Every structure is written in structure tokens, then in C-alpha cells.
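Undergrad: Kindly return the folded structure for what I paste below:
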Amino acid sequence: MSDYFSIFHGWMIPISRATEDYGLDFNQVLEHCAIKKDDFRDHESRLSAEKIALIIDYCNQKTNKHDFAIGIAKNFHPGMFHALGYSMMSSSTLKDALLRIARYKKVVSNTCELHVTQDLSTVKMQMDVKQYEDSKRPILNHECIICFAATLVSFCREALNSEFNPQALYLNWPKPKGNLDYLNTFFNCEIHFDSPYIVFEFDASTVNSKLIGGNPLLTQHHEKMLDEYITRLDKSDIVQQVKNNIHELLDLGTPSQTDIAANIGMSLRSLQRQLHEKNTSFREILEQTRKKLALDYITQQHLMFSEIGYLLGFSTVGNFNRAFKRWTNCTPGEYRNSHC
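TA: I've put the predicted structure just below:
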């Protein structure tokens, strides 16, 4: 099961450069962590998420420091995220890039869910790390989460060609003992521990400003490559493919079974047959996906019910309210009041 949760091998690019910066032998690091170079020679290969955590922990121990995750982030390169990295760089705004990261998160890793929201002054990206079913242990450890957050900031700085800083970073674990200057120096913002959620907070006016490198045609080209890659990545799991496609299309309205079949690249009849063989149906998956997302969104008190309805593909907030009551036997407001 641990190998199911994977990370795109492109992370090895900044990891190898970071080992040079820290005076470590990259080949020795790989050998210690039982990783062979053949494991990531293929341009679409993936590595176990636990292997990445092992690399960071080992390098921290070898250098007697705690900042190797930051060292990885400082060596950010668009190629580490497949076509997603270049799609991010050609986005029209940083917010567009953040939304693209959230949409194509599985390209980078299938270890978490990402949600981007905005109010009048801030844009927030929430990171919900998945857990192992048996132990309920988070798949990503603290250092991997720090690495992702720092890499995100490195991307923003490169895209803006400036000393960009987030407004705040919220982490859902207790404040570590010891010197945290390396975190404060890199992020240069307020860092809050013991938060209910992992949230990266940015100034709305900054992330909504136009990027010099914005290029819609390049973005469309890269997104086509990403769609094809995700289809290949999930090809063996038809139920997961349907879930992923529903999730990706919901903010455009309720997707039809015909739309999903076309997205996956099969006939409607073939899709219906394969789902029947899995003892499920398109309607059931759509309902389950919406319900799960609704229960996730409803606990995020900064989201209005109309926004949640939109994210779930409902044409009106009334339709969302009726569906939510069907799922939970209470209104969204009643549920939020009793669970938050």
C-alpha cells in the first residue's frame, strides 16, 4: 500500500542539486535509501512518497541540520512537475497557477488534496494530506509538507521575479523544539503551528496580478499533455478515473455520463458495463463524490454555501441545499453549526 502513494520522479532534480549544495554524495544518498537510478530513468516514472521522506530525513541527519527540505525548494525547476511546471510558469496570474496545481495535483503526487479559495484580501491554498487506512497515519511527514510549501513559494518568486513572501503559513502540528530560524528566514512570514488545517495564505492583489510570462496557448498545450498523462496514470482503475474526472469537471456544472466517457476515451456503453462489473454506476459515483466533497467543504467556515454549491457543480444554492439535506438529514447551516 505504501507504494500506491507516489510522487513524480521530477522531485529528484532539485534533490540531486540540493545534495551538491550540502556537500553530500547523491549516489550514496540513493544507495542508503534503497533507490536505484533505474527507478526514475523513465520520464513518467514515480517514486514512493516514503522514499522522499527517507531522503530528507537522511540528509538532515548527515548534515546535522533541519533544513534540507528548504534546500530542495531553493533548487526548484519547472521540469520537476512534468508539463504542470511549465503550465504554471505560463499561467496568466499566480492564482491561475495555484488553481492549476490544485486541479492537476495527482501529477505531482497522489498523497493530498489541494483547495484554493479567495476572499477580499487573501488567497488561500489548503492542503489536506491523505492517511493510511490501517494506521490513520498521514502519508506525508512534516518535512515533506514543508518541502512542498517552500517549493510553492520558490515557484512564486521565480514567476514574479521578485522577493515574494506569503502572508502566513498554518501548520497542523505542534511547534517543534529547537531553532526555527531557517523557516522564518525562508518564508519571511508568520508561521502558525497547531492549526486545524494546513493552509498557505497569500495576498490577493499580488497573486491576481498579471505574470509577464503568461501565455494562454502554451498553457492549453501543456494542459492537453497533463490530461493525457492523468488518463494513463489512472487507466487501470476505472472507478478512480470517473471520480477524478467528475472532480475536475464539477466547477463547470454537473458533468454527464457521456461527458465522462468521452473524457476517459471510451464509449458510453463500455463505461456503463465496466462500472456495472465494479458493482457501481455513474450516478452513484457522482453522488458519493459530491457528498464527500460537500462534507469536506462545509467544515471550512470561510466558504459560503453558494461557493460550495458552485464547487460541486450545482446550478443554484437551492439545489445544493436540497442535495445536502438528502445526504445528511439536515441543512448546510445546521450541519456547520453542529460540527464546527
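
Undergrad: for the stretch 51-200 of the chain, what spans make up the helices?
TA: For the stretch 51-200 of the chain, helices defined by DSSP state H, counting those that start in this stretch occupy the ranges 68-74, 83-89, 94-103, 105-108, 142-160, 181-187.

Undergrad: can you list the weak-confidence ranges in the chain?
TA: 1-4, 41-43, 217, 231, 234-236, 240, 340 (pLDDT under 70).

Undergrad: Centre of it to the edge, which residue is at the far end?
TA: Counting by CA atoms, centre = their mean, the extreme residue of the chain relative to its mean C-alpha position is R269, 32.4 Å from that point.

Undergrad: how much space between that one and L275?
TA: Note on R269: its distance to L275, by CB to CB, to the nearest Å, is 11 Å. To be clear about C-beta, it is placed using only N, CA and C from the backbone, and glycine gets the same treatment.

Undergrad: now stretch 101-120, how far from the centre of its chain.
TA: Chain-centre distance of stretch 101-120: 3 Å, with CA atoms, centre = their mean, to the nearest Å.

Undergrad: start to end distance for that stretch?
TA: End-to-end distance of stretch 101-120: 22 Å, with CA to CA, to the nearest Å as the criterion.

Undergrad: could you pull out the helices for the stretch 201-340 of the chain?
TA: Using DSSP H, counting those that start in this stretch, the helices of the stretch 201-340 of the chain run over residues 204-207, 216-233, 238-249, 257-264, 268-277, 282-298, 305-311, 317-328, 332-339.

Undergrad: for the fourth one, packing partners?
TA: Helices and strands touching helix 257-264, by 3 or more CB pairs under 8 Å, 6 or more residues apart in numbering; DSSP states H and E, are helix 238-249, helix 268-277, helix 282-298.

Undergrad: Would you mark the buried spots in the shortest one?
TA: This points to helix 268-277. By neighbour count on 16 or more other CB atoms under 10 Å, the buried set for helix 268-277 is L271, Q274, L275.

Undergrad: now do stretch 220-227
TA: H222, E223, L226.

Undergrad: Was I right to think the last one contacts K106?
TA: Yep, that's L226 we're talking about. No: shown here, L226 and K106 do not form a contact pair, counting by CB atoms under 8 Å, at 9.5 Å.

Undergrad: Next, format the helices and strands packed on helix 257-264 as JSON lines and append distance to H77.
TA: Below are those laid out as JSON lines (distance: least, CB to CB, whole Å):
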{"stretch": "helix 238-249", "distance to H77": "26"}
{"stretch": "helix 268-277", "distance to H77": "38"}
{"stretch": "helix 282-298", "distance to H77": "32"}
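
Undergrad: Show me the one of those helices that comes nearest P255.
TA: Proximity to P255, assessed across the helices and strands packed on helix 257-264 by CB to CB, is greatest for helix 238-249 (4.1 Å).

Undergrad: any idea how this structure splits into domains?
TA: Each domain of the chain is listed here as a residue range: 6-207, 227-340, per automatic domain parsing.

Undergrad: Only the buried residues of stretch 129-140, if you could.
TA: With burial defined by 16+ other CB under 10 Å, the residues of stretch 129-140 counted as buried are V129, P138, I139, L140.

Undergrad: Likewise for stretch 171-178?
TA: In stretch 171-178, counting by 16+ other CB under 10 Å, buried: L171, N172.
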